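Asks: my questions are about this predicted structure, shown below with the sequence.
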Amino acid sequence: MQTMQNLIHKALICALAPKRIKVMRTVMERQHWQENGIVSYQENHLRKLIQYCWDYVPFYRSRWQGYIDSPNDIQHLGDLQNLPILTKEELRTELSGLTTTAPWIKSEEARSGGSTGKPTIFRMTKEDQETMWGQIYVGWHWAGYRVGEPFLAVGGESLGTGLTDQRSVKDKIMNRWSFSGSNLTLDRVKALVKAPHFQQIRFIYGYPNAIRELGELLMQLDARFPKLQGVACTAEVMRLEVRQRIIETLGVDNVFDQYGLNDGGLLAVEGAEHDGLHVFFHRGILEILDNDNRQIHVLKQSGRAVATCISNYATPFVRYETGDMVHWQSKEPAPSGIGWPRIGPVDGRTGDVIYLPSGRSIAMPGLTLVMRWLDGLRQYQFIQTDANIVIARLDKDIGFKFTEAEVIAFLQQKIAHEINWQVVWGKPELTRNDKLLIIRNDWLREKGLNRPPS
């Protein structure tokens, strides 16, 4: 039952962001759509996008020469295999050619979160942004959120949260409160518990490791959100043990995983069954490719996730290499009634947590959302080797202009002064099974621990 105050916030959101509310309602009405209807919808938008790129995006018109003779060669999703892959390197070096020349398209600069270790810059239209939010609202709805209710964002810049919890006008309209996932300390959690909004929060959205840390600190205070209904996690892979600790520490069963790629237009969210992530189809097309760049349609076979965004005409992404590995989990309707195809857990976008002597902890996205501002950086990795020593492994390209001293000063200012930062130039170190951990806490691993003792 929503209170009068929540209804006022709902009315404000509906009035000021009508596009996202319309998208949310449209998407919810299409929850029963199955694969054939989804493919038909996507192919209709794909044909329009390919023609548009041919006419107004110089990079594609040039790059596709020799692959297709005209836009008419791309009629179906399977025809995408005739086009080359757009790499992250091409996005960085060819950004001007990837930006539309159509004079009527209005856009603003956006940056990806860099959760795969490779931040990217692109342009995004307002309509595409609102479409993105409309879809996110549906995923939140599955987790128990209702438009207008007070919710807490636990994370970093991609969620509108930095090192502080200062609220903007937009936050106040949305009834959103922030808690920095890059500055988690017991004292800050004590202040949160004493704040009036602690008693009202009904939904939490953010980074799984940061939310888990918040729960651990709340347990030390013997405190819980009294009205919490659900949690939705994003930006990094939620490992099983992390999900379980969120459930235990926050005392809520509705903990949902979410996979998103804003630049590529992809979003996939768990349904009530927690059996795979339903792939949203209103912004993006997901291809899963094998080693020969052929589309995988069978279940349980892992491949590279490639994204085509069908709603952003400012910087169109066509067959964009995401850096993630995924697999089709099911293409049958779920018992909940959602008919969309599902993918299994995403292999990648994960890492440990940095723990500092002061009691502060820093989850993976809290770092990646800072590193995206270092232009010319290919990939990065953070390895904690002692209580206050972190190695930053940086793989730079020719466009990287920062010296080692400047990088260290940047890390001290943006992340933590108490860390003894050490810079190593080179590619990230992979695990034995070739996975990338953006944060690798060797200090705790050598002790056989996941986190410091309370």
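Replies: Yep, that arrived.

Asks: report the longest strand in the protein, please.
Replies: As assigned by DSSP state E, the longest strand anywhere in the chain is strand 377-386.

Asks: immediately after that strand, which helix or strand?
Replies: Next along the chain after strand 377-386, taking DSSP states H and E as the criterion, comes strand 389-396.

Asks: just checking, Ile343 touches Phe280?
Replies: No: with contact taken as Cβ atoms under 8 Å, Ile343 and Phe280 are classed as non-touching, separated by 11.1 Å. In short, each C-beta sits where N, CA and C put it, glycine included.

Asks: intersection of neighbour lists for the two?
Replies: Jointly contacting Ile343 and Phe280 under the rule Cβ atoms under 8 Å, 6 or more residues apart in numbering are Ala268.

Asks: out of those two, which sits in the more crowded spot?
Replies: A side-by-side neighbour count of Ile343 and Phe280, using other Cβ atoms under 10 Å, places Phe280 first with 25 against 21.

Asks: what sits against that one?
Replies: Contacts of Phe280 (Cβ under 8 Å, 6+ apart): Val27, Gln135, Val138, Gly139, Leu266, Leu267, Ala268, Val269, Trp340.

Asks: same check, this time on Ala334
Replies: Ala334 neighbours (Cβ under 8 Å, 6+ apart): Gly271, Ala272, Glu273, Asp275, His278, Arg342.

Asks: measure it to Val424 for me?
Replies: When distance is defined by Cβ to Cβ, to the nearest Å, Ala334 is 46 Å away from Val424.

Asks: what about the protein, any weak spots by pLDDT?
Replies: Residue ranges of the chain with pLDDT under 70: 1-2, 112-120, 156-165, 347-351, 364-366, 368-369, 372, 431-436, 454.

Asks: domains in it, as residue ranges please.
Replies: 1-348, 353-445 (automatic domain parsing).

Asks: which among these is found nearest to Pro453?
Replies: Nearest to Pro453, of all these, is domain 353-445, at 10.4 Å by Cβ to Cβ.

Asks: re the thing from before, give me the subset of the contacts of Phe280 that lies in helices.
Replies: Val27, Gln135, Val138, Gly139 (DSSP state H).

Asks: can you tell me, leaving aside adjacent residues, what's nearest to Trp443?
Replies: Counting by Cβ to Cβ, 6 or more residues apart in numbering, Trp443 lies nearest to Gln384, which is 4.9 Å off, once chain neighbours are set aside.

Asks: partner residues bridging the one you found?
Replies: With DSSP bridges as the criterion, Gln384 is bridged to Val390, Asn441.

Asks: name the surrounding residues that touch the strand or helix carrying Met132.
Replies: Under the criterion of DSSP H and E, Met132 resides in helix 126-142. Helix 126-142 is contacted from outside by 17, 19-24, 26-28, 106-108, 145, 147, 151, 203, 205, 230, 232, 256, 258, 260, 262, 265, 267, 269-272, 280, 282-283, 309, 311-314, using Cβ under 8 Å, 6+ apart.

Asks: check the gap between Leu16 and Lys401 for me.
Replies: Plainly put, Leu16 is 40 Å away from Lys401 if you go by Cβ to Cβ.

Asks: same question for Cys53.
Replies: 31 Å.

Asks: which one's more surrounded, those two?
Replies: Set Cys53 next to Lys401 and count neighbours by other Cβ under 10 Å: Cys53 wins out with 23 against 10.

Asks: so Asn293, which of the three states?
Replies: Assigned with DSSP: H, G, I helix; E, B strand; the rest coil, Asn293 falls in the coil class.

Asks: tell me if I'm right that it and Asn82 touch.
Replies: No: counting by Cβ under 8 Å, Asn293 sits too far from Asn82 to count as a contact (10.6 Å).

Asks: related to what we said a few turns ago, which of the contacts of helix 126-142 fall within strands?
Replies: 108, 151, 203, 205, 230, 232, 256, 258, 260, 267, 269-270, 309.

Asks: measure stretch 78-89 end to end?
Replies: Chord length of stretch 78-89, first to last residue, is 25 Å (Cα to Cα, to the nearest Å).

Asks: quick one: contacts of the host helix or strand of Trp421?
Replies: Using DSSP H and E, Trp421 maps to strand 420-425. For strand 420-425, contacts defined as Cβ under 8 Å, 6+ apart pick out 388-396, 404, 407-408, 411-412.

Asks: which one of those is nearest Met325?
Replies: Asp395 (19.5 Å).

Asks: any idea how far that closest one is from Asp171?
Replies: Distance from Asp395 to Asp171, by Cβ to Cβ: 36 Å.

Asks: ok, back up a step: so what are the sheet partners of the strand holding Trp421 and their directions?
Replies: Going by DSSP bridges, the partners of strand 420-425 are strand 389-396 (parallel).

Asks: what angle separates the partner strand from strand 377-386?
Replies: Angle between the axes of strand 389-396 and strand 377-386 is 170 degrees (criterion: axes from the mean of the first three to the mean of the last three Cα atoms, to 10 degrees).

Asks: mind putting the domains of the chain into TSV with distance to Pro452?
Replies: Below are the domains of the chain laid out as TSV (distance: least, Cβ to Cβ, whole Å):
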stretch	distance to Pro452
domain 1-348	10
domain 353-445	5
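
Asks: now find how far off-centre stretch 335-347 is within its chain.
Replies: 17 Å (Cα atoms, centre = their mean, to the nearest Å).

Asks: so Ile173, which of the three states?
Replies: Look at Ile173: counting by three-state DSSP, its state is helix.

Asks: hmm, Ala15 and it touching each other?
Replies: No: at 9.5 Å, Ile173 does not count as touching Ala15 under the criterion of Cβ under 8 Å.

Asks: now Arg243: which helix or strand?
Replies: Going by DSSP H and E, Arg243 is in helix 240-250.

Asks: grab the CA positions of that helix and hand them over as PDB.
Replies: Provided in PDB are the C-alpha atoms of helix 240-250 (Å, rounded to 0.1, in the frame of the first residue of the first chain):
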ATOM      1  CA  LEU A 240      26.200 -17.400  -5.100                       C
ATOM      2  CA  GLU A 241      27.900 -16.700  -1.800                       C
ATOM      3  CA  VAL A 242      27.400 -13.000  -2.200                       C
ATOM      4  CA  ARG A 243      23.700 -13.500  -2.900                       C
ATOM      5  CA  GLN A 244      23.300 -15.700   0.200                       C
ATOM      6  CA  ARG A 245      25.000 -13.200   2.500                       C
ATOM      7  CA  ILE A 246      22.800 -10.400   1.200                       C
ATOM      8  CA  ILE A 247      19.800 -12.500   2.000                       C
ATOM      9  CA  GLU A 248      21.100 -13.300   5.500                       C
ATOM     10  CA  THR A 249      22.300  -9.900   6.500                       C
ATOM     11  CA  LEU A 250      19.500  -7.800   5.100                       C
END
